[in-house]
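A.B. asks: return atomic coordinates for the entry below.
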Amino acid sequence: MPFEYLESIPGADEAFRAWGTDLGQTFSAAWQAVHGVLVDAEAEDARTADQRRAPPPRTAATPRQRVVSLSASELDLLLVDFLQEQLYLKDSEQVLYQVRRVHVRRDGTGWSVDAELVGAPMDTAGTPGVDVKAITLDNLRVHQTARGWEATVVLDL
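C.D. replies: This next block holds a predicted model:
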């Protein structure tokens, strides 16, 4: 798992650190971390085990696909906008998306991200976790390391 939840940030409802060898992997890992809060991972593990014992369902929901393109003047603000898009799509479409591909690049005036997403309606996407209200700017940090890129993000629950 290319992220970890942090307990060391005082006053944070929830915080995580995500990393990758490039910015695309780091943005994708951050998206996964937010998704992990929105969907109860422990309940999902139990549900997956139960599904292995149960016969397969007769019909499967058709996955929804979407492309997201965003830009911002600063890299850390681009990450916030990218993660906020996940919350917007959850609330407006009632769909939880996962990242299929992400490409982050520096352009002449700042930074851009293009992402291909695939998702499922919330009622079939998993066991509800905690509702995330917002991605905050508190303790926000995106920086390059010897191994690639790392981001620290705080969520408002």
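A.B. asks: check the gap between residue 145 and residue 152 for me.
C.D. replies: 12 Å (CB to CB, to the nearest Å). C-beta here means a position set from N, CA and C on the backbone, and glycine is covered the same way.
A.B. asks: got the contact list for the nearest residue to residue 13 once chain neighbours are set aside?
C.D. replies: Among residues not flanking residue 13 along the chain, residue 157 sits closest, at 4.0 Å (CB to CB, 6 or more residues apart in numbering). Residues in contact with residue 157 (CB atoms under 8 Å, 6 or more residues apart in numbering) are 13, 14, 37, 130, 131, 132, 133.
A.B. asks: which ones among those map onto strands?
C.D. replies: Those of the contacts of residue 157 mapping onto strands are residue 14, per DSSP state E.
A.B. asks: secondary structure class for the residue nearest in space to the middle of the chain?
C.D. replies: By CA atoms, centre = their mean, the mean C-alpha position of the chain lies nearest to residue 31, the distance being 1.5 Å. Under DSSP: H, G, I helix; E, B strand; the rest coil, residue 31 falls in the helix class.
A.B. asks: pretty sure it is touching residue 84, no?
C.D. replies: No. With contact defined as CB atoms under 8 Å, residue 31 does not reach residue 84; the gap is 11.1 Å.
A.B. asks: great, nothing more from me.
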